[in-house]
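A.B. asks: coords please:
(chains A and B)
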Number of protein chains: 2
Amino acid sequence: MEAGGAQREAAQPVLNVSEETPVAGVLRAVDTEEETPAAAGQVVTPYEVSAPVGGIDYEKLINQFGCERIDAAIVDRISCLTARPPHRFLRRGIFFAHRDLNTILDLYEAGEKFYLYTGRGPSSESLHLGHLIPFMFTKYLQDAFKVPLVIQLTDDEKFLWKNLTIAECKRLARENAKDIIACGFDIERTFIFTDINYIGREFYENMLQVQKRVTFNKLKALLGITPEDHIGKVIFPSVQAAPSFPSSFPHLFSGNDQLRCLIPCAIDQDPYFRMTRDVAQKIGFQKPSLIESSFFPALQGENTKMSASDPNSAIYVTDSSKQIKTKVNKYALSGGQDSVLLHRKLGANLDVDVPIKYLNFFLEDDDELEHIKKYETQHQEYKEGRMLTGEVKQRLVEVLSELVATHQRARAQVTEEMVDAFMALRPLPNMFG
Amino acid sequence: MEAGGAQREAAQPVLNVSEETPVAGVLRAVDTEEETPAAAGQVVTPYEVSAPVGGIDYEKLINQFGCERIDAAIVDRISCLTARPPHRFLRRGIFFAHRDLNTILDLYEAGEKFYLYTGRGPSSESLHLGHLIPFMFTKYLQDAFKVPLVIQLTDDEKFLWKNLTIAECKRLARENAKDIIACGFDIERTFIFTDINYIGREFYENMLQVQKRVTFNKLKALLGITPEDHIGKVIFPSVQAAPSFPSSFPHLFSGNDQLRCLIPCAIDQDPYFRMTRDVAQKIGFQKPSLIESSFFPALQGENTKMSASDPNSAIYVTDSSKQIKTKVNKYALSGGQDSVLLHRKLGANLDVDVPIKYLNFFLEDDDELEHIKKYETQHQEYKEGRMLTGEVKQRLVEVLSELVATHQRARAQVTEEMVDAFMALRPLPNMFG
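C.D. replies: Just a heads-up that it's a prediction; the model follows:
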């Protein structure tokens, strides 16, 4: 699965990144209407995120994909229903789009439950911060709604898309599972599975049900798959679709085929789930609901790509405090001015400033975040002394070092036995408790 | 699996039969060289067998597919190596083509073993005689060579291609397994599996290995799959390929990844296995060998189709003696002349005579078969009294009634527990014994 793909290595916003899929002439997320210059040529699929300089136009993407914006009313409603403050990813519009989220909330309000489904394509040894985002958010949703969660590790996908052996993909899946478990998921409500170990029987039946109702041409239009592609790429979308249906997990949801599914993911995964939603009711299930995030930027800014081959493009959960400090200070794109004098005069350009973007993701304190932003941008604050980029970066290093150190401590506690336990085929008797 | 498909409902020789796959403009088994009129327009894939009037030109098919003819030397060699007479399907050229059969025989002679793989797509309640052919022949091979056998029941394929529910395909697979078991397979050397129950893990890994090395365009050329087809059709070829590789069955062949596989099937399945052979060595396995049969005709003759919707087009293993008698007498296409007088003068046209074709498949006694044929064809025998079609049909009714009654007795002994036992995931410790 590439769900939450923007938090994975394959889908960082970048000018015409296409590792796998030829772009020419393919209409996907791109519509052909008159466009603002900023949005012209914007392509977003699970395999490719490309945008003109200026980055992704999310408003346009919502229109193109046909999903809905998460507004303040929805955020308030979630807060009310769960009797807890909304996650900062909601407060700050990081998870910004949805499909049928209100249906889930209506039913939840009426006393019905649902399940969560997210995933990761395990193609790298260690995760970077972007990878953590869907899992941090999914953990919040699990805690807040007290619902079960299935996490798909798509070792098959990574074998199909990358130059890796199956054995390596399986190993990476287990290693990544440890990082995921370290996010704090409740073992009584969480089933983690790898495709190669789990696919079969009811799950495979749902793959077949999807396959029978999706043509090659449909995938071509949705995902940009071409006849020159190997057939693994044609097959995988049905693998990512299947966990959206409760009968794929008979040990969890037997006899509960109408249970609804909520999928937290990055918006580049939307095409997979548009396909899934198209077939859901035809094969006897509810359409899965989606809650979708924007993309997490590389250190070098929105228009570059976090890349495993360039360790300085991202902060990894394995980085030391010292590495974090070096990376942030040396590589994080600043929106500040070239000289202190100019900076004091003009302030920073927050539209491109990576430290502020990262703080927006990871600094919990809203007041402090607002304070920093103000100091960097509002001219009328000048006399009181504007912050310099170095100061903002210093605060970011503190925030990230604490986050990463906390993760590392949790990760160190995760044993092979715990991985086995999360992956064990078992009922979860208290999963809705 | 449609292996041995000609013995299944999908692939009877017929004029332009294409239930599923559009034909127009697709080059598959059809080559574009200058052709004899008889062979022009001949199309043979697992989904479609179409030939001009006059039927399939098998010699041409061998050239088109690039397989080899099974000659008398190979038949003799098999007889020698197995110390038993060759099966009548070999003696009479019914299994007429092969790929790398000599390699299997060379290794067998040197003391090495191999395994057999065949299968069936379970789309009908009861099998007709054509369906039995690959299983009768595979049983002979198993007994003669004393080797293990895997039998794939492709309930997934039938769901994807037919208007059937998954539940119905699974039920049919179990029912068909009983007919297959009734053919007399040795439970100590035979593993029967249904795709939906068995696909996963090592088998799925081999599917992935194949998928990664086959493009959509390749399948289009081989099988006539089009972009308008649903993606299940794109996926299935890798499902049929996987059993050709021993590591798909770790409970049987663990640590024996170079074990060779011999696949008895009808020649319409050759495209699947050309694809399989193309990738085998790239993914670390031996190419499977093939031994391929011609097609079993419908009662109405070579250019018609055995069809579940017309029970009079085939003899079913559930037919009574009376039904067999009626079908043979009423529907079996005769090559005899319109009047006794003319028949006594001209004899029958054995090229179209279905009773003789059926006797060729099922009458064990070579001398008697030759005797009947002579009486029907050789003018110089006229004075001694030529047989009439009615007499030949009478003999055929006896042969088929005995065959079907024997099958029915064996089928009646097959319990659900026996099906479970053949399908149990278990080692077969004496499978090469």
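
A.B. asks: Can you pull the residues of the stretch 201-350 of chain A lying near chain B?
C.D. replies: With Cβ under 8 Å from any Cβ of the partner chain as the criterion, the stretch 201-350 of chain A meets chain B at residues A:201, A:204-205, A:208-209, A:211-217, A:219-220, A:225-232, A:234-235, A:237-238. For the C-beta atoms, the positions are set from N, CA and C on the backbone; glycine is no exception.

A.B. asks: again, only this time at 10 Å
C.D. replies: A:201-220, A:225-239 (Cβ under 10 Å from any Cβ of the partner chain).

A.B. asks: Put the buried members of those into a ChimeraX selection.
C.D. replies: Applied in ChimeraX, the following selects the buried portion of those according to 16 or more other Cβ atoms under 10 Å in any protein chain shown:
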select /A:202,203,204,205,206,207,208,209,210,211,212,213,214,215,216,218,219,220,225,226,229,230,231,232,233,234,235,236,237,238,239
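
A.B. asks: looking only at pLDDT, what's the mean for stretch A:279-292?
C.D. replies: Summarised as a single mean, pLDDT over stretch A:279-292 is 98.

A.B. asks: And for the closest residue in space to A:Leu403 that isn't next to it in sequence, the neighbour number?
C.D. replies: Using Cβ to Cβ, 6 or more residues apart in numbering or on different chains and skipping residues adjacent in sequence, the residue nearest A:Leu403 is A:Phe362, 5.8 Å away. Other residues within reach of A:Phe362, judged by other Cβ atoms under 10 Å in any protein chain shown, total 20.

A.B. asks: now A:Gln413
C.D. replies: Other residues close to A:Gln413 by other Cβ under 10 Å number 10.

A.B. asks: List the contacts of it.
C.D. replies: If you count contacts by Cβ atoms under 10 Å, 6 or more residues apart in numbering or on different chains, A:Gln413 has them with A:Lys178, A:Ile181, A:Ala182.

A.B. asks: looking at it, the second one is touching A:Ala421, isn't it?
C.D. replies: Yes - applying Cβ atoms under 10 Å as the test, A:Ile181 and A:Ala421 come out as touching, 9.2 Å apart.

A.B. asks: From chain B, how far out is A:Asp366?
C.D. replies: In this view, A:Asp366 and chain B are 46 Å apart by Cβ to the nearest Cβ, to the nearest Å.

A.B. asks: Let me know the secondary structure of A:Pro429.
C.D. replies: Under the three-state scheme (DSSP: H, G, I helix; E, B strand; the rest coil), A:Pro429 adopts coil.

A.B. asks: I'd guessed it sits against A:Glu188; true?
C.D. replies: Yes - contact status for A:Pro429 versus A:Glu188: in contact at 8.1 Å, counting by Cβ under 10 Å.

A.B. asks: Which one's more surrounded, these two?
C.D. replies: Counted by other Cβ under 10 Å, A:Pro429 and A:Glu188 do not tie: A:Glu188 has more neighbours, with 11 against 8.

A.B. asks: ok but that one is inside a strand, no?
C.D. replies: No - counting by three-state DSSP, A:Glu188 is not found in a strand; it is coil.

A.B. asks: Over to it: give its phi and psi.
C.D. replies: For A:Glu188, the backbone dihedrals (degrees, to the nearest 10) come out as phi -80, psi -10.

A.B. asks: How about it, nearest residue that isn't a chain neighbour?
C.D. replies: Spatial nearest neighbour of A:Glu188, chain neighbours left out: A:Asn430 (5.2 Å); criterion: Cβ to Cβ, 6+ apart.

A.B. asks: Could you measure from that neighbour over to A:Val147?
C.D. replies: The gap separating A:Asn430 from A:Val147 is 11 Å, by Cβ to Cβ, to the nearest Å.

A.B. asks: ok so, going back, can you tell me which of the contacts of A:Gln413 are in strands?
C.D. replies: In strands, judged by DSSP state E, none of those are found.

A.B. asks: And the residues you listed, which is closest to B:Tyr140?
C.D. replies: A:Lys178 (53.4 Å; Cβ to Cβ).

A.B. asks: got a markdown table for the contacts of A:Gln413, with distance to A:Glu398, pLDDT and neighbour count too?
C.D. replies: Output for these, formatted as a markdown table (distance: Cβ to Cβ, whole Å; pLDDT from 0 to 100; neighbours: other Cβ atoms under 10 Å in any protein chain shown):
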| residue | distance to A:Glu398 | pLDDT | neighbour count |
| --- | --- | --- | --- |
| A:Lys178 | 26 | 98 | 19 |
| A:Ile181 | 26 | 98 | 24 |
| A:Ala182 | 21 | 98 | 22 |
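
A.B. asks: ok, and which of the residues you listed reach chain B?
C.D. replies: For chain B, no contacts are drawn from the contacts of A:Gln413 by Cβ under 10 Å from any Cβ.

A.B. asks: What is the nearest of these to chain B?
C.D. replies: Closest to chain B out of the contacts of A:Gln413 is A:Lys178 (21.5 Å), distances taken as Cβ to the nearest Cβ.

A.B. asks: right, and that closest one touches A:Glu417 too?
C.D. replies: No - here A:Lys178 lies out of contact with A:Glu417, judged by Cβ under 10 Å, at a distance of 11.4 Å.

A.B. asks: ok now do A:Cys169, which residues does it touch?
C.D. replies: Counting by Cβ under 10 Å, 6+ apart, A:Cys169 has contacts A:121-123, A:153-162, A:194-196, B:205, B:208.
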